[in-house]
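> Have a look at this prediction, sequence included:
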Amino acid sequence: MREIILTPNEKQVRFFESTAKYTAYGGARGGGKSWAMRTKLVLLALNYKGIQILLLRRTLGELRENHLFPLLKMLKGIATYVSTDKEFRFPNGSRIKLGYCDNENDVLQYQGQAYEVIGMEEATHFTERQFLALTECNRISGNMEDKTFKPRMYFTCNPGGVGHDWVKRLFIDRNYRPNENPEDYCFIKSLVFDNHFLMKHNPEYVQTLMALPEQRRKAMLYGDWNAFEGAFFPEFDYEKHTCEPFPLDKNWIKFRALDYGLDMTCCLWLALPGDGRLIAYRELYESGLIISEAAKKILDLTPKNEVIRYTTASPDLWNRRQDSGKSGFDIMTACGLKFLQKANNARITGWRVMREYLRGSLPDGTPKLTIFRNCKNLIRCLPLLRFDEYVKEDAADTPHEITHAPEALRYAIMSREPAYPKPAPPFTGSVYTFDKPKKEEDDYEDYIEY
């Protein structure tokens, strides 16, 4: 048996000592996260006979570079690595299994298995669905000798990534749902300045982080979870773009924007003061509604004396269902939701126009877009939207739960813009013409929905 001398810093000691059900460590670059994670798991394997441990990274390449090779060196003569099962086996019956979840459903391979400890490296690279699926595997196994041991999960993380929102909600904002116990969650913030080894042997790394663009520097150097890389709308400013509700002028034009889905229905109510501004003043944000229920909810939330010009809705609402031959448009219209119009679903163009609204202001400094603070989900989802991994000017469509409110707002804004010409086809030597922009149809008669 070899002797390994550990010299953790103060933050890493706190991580080693934590027995919380869920412990997250890190928050910035250079905090010694990967070393802390694998060392913590090795200590557990050595101290608890028969403990079953799962260590995960999002991709196989990351797993090999960050953990497999360092663990092979660290555990030489201490544990045996079985390459076919990707696991380290200890003489006391403990086991550290290495895994990865490159695709969303890769996590399903662990269903039915039991691990007393699960470590998620770079947790913000995992979706909330993957995290929740793994919690089902975090339980006492038959191999564990100490049956009083409390199963737990450990996380390392930086701001940003597909899982930024759920990690931030649980460990930074501490915004818990009814079935979540705040005492179960512990966050240990560690910055590059806490990593004494790195500061002594590679102090230039701090200058590297200092040279990053502002938003990324805030996240990677200082652990600012409100300035993560990939924010699709960095222009969104809570103080600038939101306000407490106030009475709306009865002469202002009002309309609705709808993004329907069984997983989530989002409807926004919007007002036009007539000076170039757009005000979002009410929202419906609810999952599990069939089309007729969604229509009823929208009508119920609209006061009887409120004048609504039109409702712009996602174009797929006009697709006919094979079972009934009816479209969502037909069903909603039959339920009394009148004057539905197809939304302009030009994504990149729409996002560009939204960005102009977020950046724009009137001569007196009043923002072009204002959101009442009772529209909690629109306010929550806008800053969480990220760039698409492959299309630079488009927003990512995952996690899908956060896309509905921004989509509805895009429909709303595009309903007030002149129609844009279709992109020209590639030139083949033949003569072609552009479609002429259509004049904005803004001659609807006012009406009251009952």
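Here it is on my side, so go on. Numbers count the residues shown, from 1 in each chain.
> what's the domain layout of this structure?
Under the assignment automatic domain parsing, the domains of the chain span 10-222, 238-414.
> Tabulate these (a markdown table), appending distance to residue 231 and mean neighbour count.
The way it works is simple: take the backbone N, C-alpha and C, and place the C-beta from them, glycine included. A markdown table is the format used below for the domains of the chain (distance: least, Cβ to Cβ, whole Å; neighbours: other Cβ atoms under 10 Å):
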| stretch | distance to residue 231 | mean neighbour count |
| --- | --- | --- |
| domain 10-222 | 7 | 18 |
| domain 238-414 | 6 | 17 |
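> So what pairs up with the nearest residue to residue 68 once chain neighbours are set aside in the strands?
Among residues not flanking residue 68 along the chain, residue 98 sits closest, at 6.2 Å (Cβ to Cβ, 6 or more residues apart in numbering). Legend: beta-bridge partners of residue 98 under DSSP bridges are residue 55.
> before we move on, the earlier item: would you mind giving the domains of the chain as a markdown table with mean pLDDT added?
As requested, the domains of the chain are exported to a markdown table (pLDDT from 0 to 100):
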| stretch | mean pLDDT |
| --- | --- |
| domain 10-222 | 90 |
| domain 238-414 | 93 |
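> Could you grab the helix/strand/coil label for the one residue sitting closest to the centre of the chain?
The residue lying closest to the centre of the chain (Cα atoms, centre = their mean) is residue 165, at 4.4 Å. Following DSSP: H, G, I helix; E, B strand; the rest coil, residue 165 is assigned to helix.
> any idea how far it is from residue 182?
Plainly put, residue 165 is 18 Å away from residue 182 if you go by Cβ to Cβ, to the nearest Å.
> next one: residue 357
Distance of residue 357 to residue 182, given as Cβ to Cβ: 37 Å.
> quick one on the thing from earlier: now do the same contact list for the residue lying closest to the residue nearest to the centre of the chain once chain neighbours are set aside.
Excluding its sequence neighbours, the residue lying closest to residue 165 (Cβ to Cβ, 6+ apart) is residue 384, at 4.8 Å. Counting by Cβ atoms under 8 Å, 6 or more residues apart in numbering, residue 384 touches 164-165, 402.
> now swap in residue 317 and tell me
Per Cβ under 8 Å, 6+ apart, neighbours of residue 317: 258, 260, 327-329, 332, 340, 342.
> possible to save those residues as JSON lines with secondary structure and distance to residue 242?
JSON lines is the format used below for these (DSSP: H, G, I helix; E, B strand; the rest coil; distance: Cβ to Cβ, whole Å):
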{"residue": "258", "secondary structure": "strand", "distance to residue 242": "22"}
{"residue": "260", "secondary structure": "coil", "distance to residue 242": "25"}
{"residue": "327", "secondary structure": "strand", "distance to residue 242": "35"}
{"residue": "328", "secondary structure": "helix", "distance to residue 242": "31"}
{"residue": "329", "secondary structure": "helix", "distance to residue 242": "32"}
{"residue": "332", "secondary structure": "helix", "distance to residue 242": "29"}
{"residue": "340", "secondary structure": "strand", "distance to residue 242": "28"}
{"residue": "342", "secondary structure": "strand", "distance to residue 242": "29"}
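> Sketch out the helices for the stretch 251-400 of the chain, chain order is fine.
Assigned by DSSP state H, counting those that start in this stretch, the helices in the stretch 251-400 of the chain fall at 291-301, 328-334, 347-359, 376-381.
> And those: which comes nearest residue 86?
Smallest distance to residue 86 across the helices of the stretch 251-400 of the chain (Cβ to Cβ): 37.3 Å, for helix 376-381.
> For the following helix or strand past that closest one, name the packing helices and strands.
Using DSSP states H and E, the helix or strand that directly follows helix 376-381 along the chain is helix 404-414. Secondary-structure packing of helix 404-414 (3 or more Cβ pairs under 8 Å, 6 or more residues apart in numbering; DSSP states H and E): strand 253-259, strand 265-272, strand 278-286, strand 311-313, helix 347-359, helix 376-381.
> quick one: strands adjacent to the second one?
Going back to what we said before, that points to strand 265-272. In the sheet, strand 265-272 lines up with strand 253-259 (antiparallel), strand 278-286 (antiparallel) (DSSP bridges).
> What are the contacting residues of stretch 324-344?
257-258, 260, 291-292, 294-296, 298-299, 308-321, 350, 411, 414-415, 417, 419-420, 444, 447, 449-450.
> so how far is residue 88 from residue 39?
For residue 39 relative to residue 88 (Cβ to Cβ), the value is 13 Å.
> Oh, that last question was meant for residue 369, not what I typed.
Separation of residue 369 from residue 88 (Cβ to Cβ): 54 Å.
> likewise residue 391?
Residue 391 sits 41 Å away from residue 88, going by Cβ to Cβ.
> Check residue 201 too.
Going from residue 201 to residue 88 by Cβ to Cβ gives 28 Å.
> Out of the contacts of residue 384, flag the one nearest to residue 365.
Using Cβ to Cβ, residue 402 is the member of the contacts of residue 384 that lies nearest residue 365, at 29.4 Å.
> With adjacent residues omitted, what lies nearest to that closest one?
residue 381 (4.3 Å).
> Switch the strands paired with strand 265-272 over to TSV; also include distance to residue 191.
Formatted as TSV, these follow (distance: least, Cβ to Cβ, whole Å):
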stretch	distance to residue 191
strand 253-259	39
strand 278-286	36
